[in-house]
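just the structure for this:
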Amino acid sequence: MWTPSLLAIDKEREVNLFRLLGWTLVSAVLLYLCGFFNVFHWPQITWLCLTSIGTVTGFYRHGEKTKTTAGIFLFSLALILFIYIKGGAFQYLNH
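Got it, this is the predicted structure:
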């Protein structure tokens, strides 16, 4: 999901709820397989809240045109990587 967002910086894209739900499902499965959901602490709660907010926003903005800036992209990438690391998503790489 990050590569299309990176390529679409400063370009208009249409919000597609179905693509959003598909990527959310893929992300949840990959996070589960990586061990992110082995515990349930603040990173998992934060991920669940942000994902819920994003899904509801995608539902209401389905079909609208949006534009992503480089600052928004970098901030969201840094935030989600911080949440993944603190939640233990990459723990199996350390073994």
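
can you list contacts of the helix or strand harbouring residue 74?
Counting by DSSP states H and E, the element that carries residue 74 is helix 70-87. Helix 70-87 has contacts (C-beta atoms under 8 Å, 6 or more residues apart in numbering) with 2, 5-6, 9-10, 31, 36, 39, 41-44, 46-47, 50, 90. Placement of C-beta: from N, CA and C, glycine included.

now, which of those residues sits nearest residue 62?
Looking at the contacts of helix 70-87 and their distance to residue 62, the nearest is residue 5, at 17.4 Å (C-beta to C-beta).

check the secondary structure at the closest one for me.
Recorded secondary structure, residue 5: helix (DSSP: H, G, I helix; E, B strand; the rest coil).

residue contacts, it?
Neighbour list for residue 5: 68, 73 [criterion: C-beta under 8 Å, 6+ apart].

repeat that for 10 Å
Counting by C-beta atoms under 10 Å, 6 or more residues apart in numbering, residue 5 touches 13, 68, 72, 73, 76, 77.

now it: how far from residue 82?
Distance of residue 5 to residue 82, given as C-beta to C-beta, to the nearest Å: 17 Å.

can you check residue 75 too?
Counting by C-beta to C-beta, the separation of residue 75 from residue 82 is 11 Å.

name whatever forms a beta bridge with the nearest residue to residue 8 once chain neighbours are set aside.
The shortest distance from residue 8 to any non-neighbouring residue, by C-beta to C-beta, 6 or more residues apart in numbering, is to residue 68 (6.0 Å). On the basis of DSSP bridges, residue 68 takes part in beta bridges with residue 9.

so who does residue 68 touch?
Taking C-beta under 10 Å, 6+ apart, one finds 4, 5, 6, 8, 9, 10, 11, 12, 13, 76 in contact with residue 68.
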